[in-house]
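Engineer: what follows is a predicted protein model with its sequence.
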Amino acid sequence: MPILDHVLVVPVDEGGEFVFAHALDSGIRVWTRGPLRRVDERPRLRGVAAPLYGGSISDMSALRDFVTDFVDHATDEAATVLSPGRIRDTRPLVARTRSDSLSSRIHFSYRALSPMHTIGAWDGAAPELLISRVRGLERTGIGYFATGLPELPADVTPDVLPTALPAAVISPERAEDLSEYLHAPVGHVLHHLGHAARR
């Protein structure tokens with residue numbers, strides 16, 4: 001059984017983990033492992049929406065290096081066909097988290113993988129992942145929001161991940177953008193947006 005030979009487990013400060021894996025091919029596969037912290041959305045959303053999770057990762061260096069290694073060494077020929085995710089019956093993650101609001105953009109920058117591609121049989125909600133950084137502070141940590149990501153089956157361990165396992169996927173193009181974002185300077189607080197918001 002073919003397995004993924006590049007694997008990274010990233011602990012989440014509030015509990016649970018993200019598991020990232022690739023075989024230098026079609027993209028970086030993503031799962032969750034263990035319970036993540038659920039965000040209580042108020043007012044409650046209309047329609048059908050997967051639970052929203054959010055929290056922080058205290059050290060982004062391992063994820064940054066993992067994504068960059070994929071970008072630098074992935075092959076041009078995709079070995080697996082990716083299926084594009086489709087968001088239905090609910091708002092995209094950026095809208096659910098209000099990450100594009102003026103009050104948020106003043107202090108935070110973000111990259112939204114929304115929706116993500118998928119590999120394998122998929123009958124759930126579209127997977128989405130948002131990574132954020134605090135402006136003006138050179139911190140090693142990042143924040144995240146996630147919804148629709150698959151949980152790693154209990155009988156599967158990160159050191160033996162079969163390539164056929166259904167997964168959310170960061171496409172090569174989005175991996176390149178994410179790598180640039182994680183390497184970029186954090187940037188200044190956007191005071192001019194604050195003036196605009198007070199008008």
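Structural biologist: Perfect, thanks for sending it. This structure is a prediction, so every number in the text was calculated from the model and none was measured. Numbering: from 1, shown residues only.

Engineer: in the protein, which ranges drop under the pLDDT threshold?
Structural biologist: Scanning the chain with the threshold set as pLDDT under 70 gives 1, 44-48, 76-81, 89, 192-199.

Engineer: where do the helices of it begin and end?
Structural biologist: All helices of the chain, identified by DSSP state H, fall at 61-73, 93-97, 102-107, 172-183, 191-197.

Engineer: contacts for the first one?
Structural biologist: It refers to helix 61-73. 6, 8, 10, 20, 22, 24, 28, 57, 140, 142, 170, 172, 175-176, 178-179, 182-183 (CB atoms under 8 Å, 6 or more residues apart in numbering). No exception for glycine: its C-beta is placed from N, CA and C like everyone else's.

Engineer: how about the strands in the protein?
Structural biologist: Read by DSSP state E, the chain holds these strands, from start to end of the chain: 6-11, 17-22, 28-33, 52-57, 83-84, 108-113, 117-119, 128-134, 142-147, 167-170.

Engineer: got these as TSV, with mean neighbour count and distance to Glu41 columns?
Structural biologist: Shown next, in TSV, are these (neighbours: other CB atoms under 10 Å; distance: least, CB to CB, whole Å):
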stretch	mean neighbour count	distance to Glu41
strand 6-11	17	24
strand 17-22	23	21
strand 28-33	23	18
strand 52-57	18	6
strand 83-84	12	25
strand 108-113	18	17
strand 117-119	21	24
strand 128-134	21	14
strand 142-147	22	10
strand 167-170	26	21
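
Engineer: kindly reformat these as TSV containing distance to Val71.
Structural biologist: Putting the strands of the chain into TSV (distance: least, CB to CB, whole Å) gives the following:
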stretch	distance to Val71
strand 6-11	12
strand 17-22	10
strand 28-33	9
strand 52-57	19
strand 83-84	20
strand 108-113	14
strand 117-119	16
strand 128-134	15
strand 142-147	18
strand 167-170	10
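
Engineer: so which of those strands comes closest to Arg96?
Structural biologist: strand 52-57 (6.0 Å; CB to CB).

Engineer: tell me what angle that closest one forms with helix 61-73.
Structural biologist: Angle of strand 52-57 versus helix 61-73, following axes from the mean of the first three to the mean of the last three CA atoms, to 10 degrees, is 100 degrees.

Engineer: return the most buried member of the helices of the chain.
Structural biologist: Counting by mean count of other CB atoms under 10 Å, helix 93-97 has the highest mean neighbour count of the helices of the chain, with a mean of 20.

Engineer: for that helix, what is the distance to the chain centroid?
Structural biologist: 13 Å (CA atoms, centre = their mean, to the nearest Å).

Engineer: show me the contacts for the residue most central in space within the chain.
Structural biologist: For the chain, the residue nearest the mean C-alpha position is Leu129 (3.1 Å; CA atoms, centre = their mean). By CB under 8 Å, 6+ apart, the contact set of Leu129 is Val30, Leu93, Ala112, Leu113, Ser114, Met116, Tyr144, Phe145, Ala146, Leu149, Ala168, Ile170.

Engineer: distance of it from Asp5?
Structural biologist: 23 Å (CB to CB, to the nearest Å).
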